[in-house]
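Asker: Sequence and computational prediction follow.
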Amino acid sequence: MLTTNNKSNVIIEMQNVGIRYGQGPEILSDIRLSLRKGSFHFLTGRSGAGKTSLLSMMYLAQKPSRGSVSVFGQNVNFANRDSLALLRRKIGVVFQDFRLIDHLSAFDNVALPLRVCGMDEREVRKRVMELLQWVELDRSIQATPETLSGGEKQRVAIARAVINRPDLLLADEPTGNVDNDIAPKLMKLFVELNKLGTTVVIATHSEKLISDFAYPRLHLHNRGLRIFGPNDPTGMGVRHV
Amino acid sequence: MSKQPNFIARHEELPLKNNSTSLFLQIMVGIAVFLFAVTLSGVLAINTMLQNWNESILGSLTVQIMPSTDVNPEKAAAETIAHQNKALDVLRSLSFVEKADPLTDKQLEKLIQPWLGDGIAIDDLPVPRIIDVKLKRNVDIDFMDLAYKLAQATPMASVDNHKLWLNKLIQFADGIKILALSILALVIMITSGAIFYTTQTSLGLHKYTIEILHQMGAKDTYVAQQYAKRSAILAFQGGVVGLLIAIPTIFGIASLAHQIEGGIIGEAKLSSLDWLSIIGLPAFAAIIAMLTAYYTVKQTLQKLM
């Protein structure tokens, strides 16, 4: 069972959601989705299918043009700015373009989510150093993003997304730029977090990644959303209601 | 495992130090503080001067005895003195009068010396006699009753309680105060306007970083505090430079004023408290800057999701 009606167990719920930009046509229509706590999904679809738009609603950077979105039980349409900020602290995001702050070191970039919460600086250092060692960037802690390779930047972005042990982790092509030997290690990190209770959604084009990990798939097609089970290679899944 | 660095310097998330608008803000606040420091020093000095005059005048009044018009100088002088004595009797009988003393010939000579020169015999001239009256403190004084009793005793006496010319001076000082308040309003507007403009520009420049901070869960307050802190520092620095230029200017104006009119302006001095108020202006500017930046950021970010 991929969805549940138990509200306390639902991390994200979308009802009849549509997104349009300006006066253009809707790029997503009538999206209905309910993500259970502790679930793990891949998000797939052709380029331009609306993966990034759907993710941006999930990480509260965008409100729907119509319909309602609830995150952690709170209706985003009516939440004030401070409430949204508190909700975002529970969400880790790995952006496709990394979105690192160029004048900050790898260390400071990873420390951001902890510092905005006002965590004690000693605890920040301990946690950040541990994680940077884990993603094999402990030799580059003072390096700024412009001196890092694409793969290194991606690892910094991932470290920043998971440093706060988020309840919801959203990643847009998180292994797209990393070497073949580090990609499984990063996926292992996501899987471990998921086992600890984090809900994970990973947008990807990688068929290998999808086939290597037996998780259900949210597939965007023709402005709608379909959901496929982990062992559904035919792509004949049932439209999710 | 690699060795951990002992100290990792924390960098500002918003690189506000390197803003191109920082110098503009410092110059604007510097000019504003300079203008206000000079004006404030003038107002405070005039206030002190008026206070001193007021205190000395409130406890005193002057009774003038017009000289007799008799053609015989000796007789005229005797008549004038007789009128003066009658006035003195009345004054000394009043409960609210502490002391009433006529000015001596020497004191009168000194008063008219600037106009008539040295070697004057007062008795030979038809000059009024003057009685200096000291009044008791914290006692109700009926000036109408005083004038009536004096007029009954001698028609040659007239009372001057200095109110007329003091009122004119107070009107002048009030005018200066209004001017100072206008300059203060201007200073606040300049400072707030400069902060508003530089903050808006900076928010535009750092939009990308602010979006990331928001995504990491930063509240608007987190961003606003960084701007408020930076603006306060810049305004304080600009204000200190403005003040450092203002202090010698204040001394220069004071020196010039003494050269022009030492008698009156001589009393226009700044007390330690006045100097403290002037020295506190950069801190005042910093508070305005801090509050303006804080609320500008909050207002601007409200328009975002």
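Answerer: Here it is on my side, so go on. Numbering: from 1, shown residues only, chains lettered A, B, ... in the order given.
Asker: list the buried ones in stretch B:161-177?
Answerer: B:161, B:162, B:169, B:173 (16 or more other CB atoms under 10 Å in any protein chain shown). Bear in mind the C-beta positions are built from the backbone N, C-alpha and C, glycine included.
Asker: now it: mean pLDDT?
Answerer: In this model, stretch B:161-177 has a mean pLDDT of 77.
Asker: Surely residue A:214 and residue A:230 touch.
Answerer: Yes: with contact defined as CB atoms under 8 Å, residue A:214 reaches residue A:230; the gap is 4.1 Å.
Asker: quick one, which of these two is more surrounded?
Answerer: Each of residue A:214 and residue A:230 has its neighbours counted (other CB atoms under 10 Å in any protein chain shown); residue A:230 has more, 15 against 10.
Asker: In chain B, which residue sits nearest chain A?
Answerer: Among the residues of chain B, residue B:217 lies closest to chain A, at 3.3 Å counting by CB to the nearest CB.
Asker: What does that residue show for phi and psi?
Answerer: Note on residue B:217: its backbone torsions stand at phi 100, psi 10 [degrees, to the nearest 10].
Asker: That one is in contact with residue A:88, isn't it?
Answerer: Yes: with contact defined as CB under 8 Å, residue B:217 counts as touching residue A:88 (4.3 Å).
Asker: And residue A:32, which helix or strand is it part of?
Answerer: Element membership of residue A:32 [criterion: DSSP states H and E] is strand A:26-36.
Asker: So which elements touch the first helix or strand past that strand going along the chain?
Answerer: Of the helices and strands lying after strand A:26-36 in sequence (DSSP H and E), the nearest is strand A:40-45. With contacts defined as 3 or more CB pairs under 8 Å, 6 or more residues apart in numbering or on different chains; DSSP states H and E, strand A:40-45 has these neighbours: helix A:51-58, helix A:183-195, strand A:199-203, helix A:207-212, strand A:217-221.
Asker: and the strand holding residue A:32, what's its mean pLDDT?
Answerer: Strand A:26-36 comes out at a mean pLDDT of 92.
Asker: same for it, what does it pack against?
Answerer: Using 3+ CB pairs under 8 Å, 6+ apart: strand A:26-36 touches strand A:10-20, helix A:51-58, strand A:199-203, strand A:224-228.
Asker: tell me the contacts of the nearest residue to residue B:81 once chain neighbours are set aside?
Answerer: Distances taken as CB to CB, 6 or more residues apart in numbering or on different chains put residue B:129 closest to residue B:81, at 7.3 Å, once the chain neighbours are dropped. Each residue near residue B:129 by CB atoms under 8 Å, 6 or more residues apart in numbering or on different chains is listed here: B:64, B:65, B:67, B:80, B:81, B:83, B:84, B:102, B:103, B:108.
Asker: Write out the residues of chain A neighbouring chain B.
Answerer: Proximity of chain A to chain B, by CB under 8 Å from any CB of the partner chain, involves residues A:59-63, A:81-82, A:84-86, A:88-89, A:93, A:99, A:101, A:103-105, A:107-108, A:112-113, A:115-117, A:121, A:125, A:129, A:133, A:138-139, A:141-142, A:160, A:164.
Asker: so which helix or strand takes in residue A:93?
Answerer: strand A:91-94.
Asker: Buried residues in that strand, which are they?
Answerer: A:91, A:92, A:93, A:94.
Asker: Could you list every helix and strand in contact with the helix or strand that that strand is followed by?
Answerer: Under the assignment DSSP H and E, the closest C-terminal helix or strand after strand A:91-94 is helix A:106-116. Counting contacts by 3+ CB pairs under 8 Å, 6+ apart, helix A:106-116 packs against helix A:121-134, helix A:150-162, helix B:207-215.
Asker: Next, the residues that contact helix A:106-116 from outside, please.
Answerer: With CB under 8 Å, 6+ apart, helix A:106-116 has contacts from A:89, A:92, A:100-101, A:104, A:123-125, A:127-129, A:131-132, A:137, A:140-145, A:148, A:152, A:156, A:159-160, A:163-164, B:8, B:10-11, B:13, B:212-213, B:216-219, B:222.
Asker: okay, the residue of chain A at minimum distance from chain B: pLDDT?
Answerer: Nearest to chain B in chain A, going by CB to the nearest CB, is residue A:89, at a distance of 3.3 Å. Confidence at residue A:89, expressed as pLDDT, is 95.
Asker: Please apply the same query to residue B:187.
Answerer: 81.
Asker: quick one: contacts for the closest residue to residue A:213 other than its chain neighbours?
Answerer: Using CB to CB, 6+ apart and skipping the chain neighbours, the partner closest in space to residue A:213 is residue A:187 (6.7 Å). Residue A:187 makes contacts with A:175, A:209, A:212, A:213, as judged by CB under 8 Å, 6+ apart.
Asker: now residue B:302
Answerer: Counting by CB under 8 Å, 6+ apart, residue B:302 has contacts A:81, B:220.
Asker: Do you know the pLDDT at residue A:3?
Answerer: Residue A:3 is assigned a pLDDT of 42 by the prediction.
Asker: which stretches of chain A aren't confidently modelled?
Answerer: A:1-8, A:177-178, A:231-241 (pLDDT under 70).
Asker: for the helix or strand containing residue B:228, packing partners?
Answerer: Using DSSP H and E, residue B:228 maps to helix B:220-260. Contact here means 3+ CB pairs under 8 Å, 6+ apart; on that basis helix B:220-260 packs against helix A:81-88, helix B:22-58, helix B:163-205, helix B:207-215, helix B:272-279, helix B:281-302.
Asker: Check which helices and strands the second one is in contact with.
Answerer: Which is helix B:22-58. Partner elements for helix B:22-58 (3+ CB pairs under 8 Å, 6+ apart): helix B:163-205, helix B:220-260, helix B:272-279, helix B:281-302.
Asker: The longest one close to chain A?
Answerer: No: counting by CB under 8 Å from any CB, chain A is not contacted by helix B:163-205; separation bottoms out at 12.2 Å.
Asker: so what secondary structure elements neighbour that helix?
Answerer: Secondary elements touching helix B:163-205 (3+ CB pairs under 8 Å, 6+ apart): helix B:22-58, helix B:220-260, helix B:281-302.
Asker: For the stretch 1-150 of chain B, just list every one of the strands.
Answerer: Counting by DSSP state E, counting those that start in this stretch, the stretch 1-150 of chain B has strands at residues B:60-65, B:97-102, B:129-135.
Asker: how far off helix B:22-58 does the last one point, in degrees?
Answerer: Think strand B:129-135. 110 degrees (axes from the mean of the first three to the mean of the last three CA atoms, to 10 degrees).
Asker: Generate TSV for the helices and strands packed on helix B:163-205, with mean pLDDT and distance to residue A:191 as supplementary columns.
Answerer: Listed next are those as TSV, based on pLDDT from 0 to 100; distance: least, CB to CB, whole Å:
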stretch	mean pLDDT	distance to residue A:191
helix B:22-58	84	48
helix B:220-260	91	32
helix B:281-302	94	37
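Asker: now these in CSV, with distance to residue A:192?
Answerer: Below are the helices and strands packed on helix B:163-205 laid out as CSV (distance: least, CB to CB, whole Å):
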stretch, distance to residue A:192
helix B:22-58, 46
helix B:220-260, 30
helix B:281-302, 36
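Asker: coming back round to it: so what pairs up with the residue nearest to residue B:81 in the strands?
Answerer: Per DSSP bridges, the residues bridged to residue B:129 are residue B:65.
Asker: same check, this time on residue B:134
Answerer: Bridge pairing for residue B:134 - DSSP bridges - gives residue B:60, residue B:99.
Asker: For residue B:62, see how far away it is.
Answerer: Using CB to CB, to the nearest Å, residue B:134 is found at 11 Å from residue B:62.
Asker: next one: residue B:253
Answerer: Residue B:253 is 33 Å from residue B:62, by CB to CB.
Asker: center of chain A, which residue is that?
Answerer: Nearest to the mean C-alpha position of chain A, by CA atoms, centre = their mean, lies residue A:170 at 0.6 Å.
Asker: which SS class is that residue?
Answerer: For residue A:170, the assignment made with DSSP: H, G, I helix; E, B strand; the rest coil gives strand.
Asker: correct me, but it touches residue A:88?
Answerer: No: the pair residue A:170 / residue A:88 is not scored as a contact, 11.0 Å apart, by CB under 8 Å.
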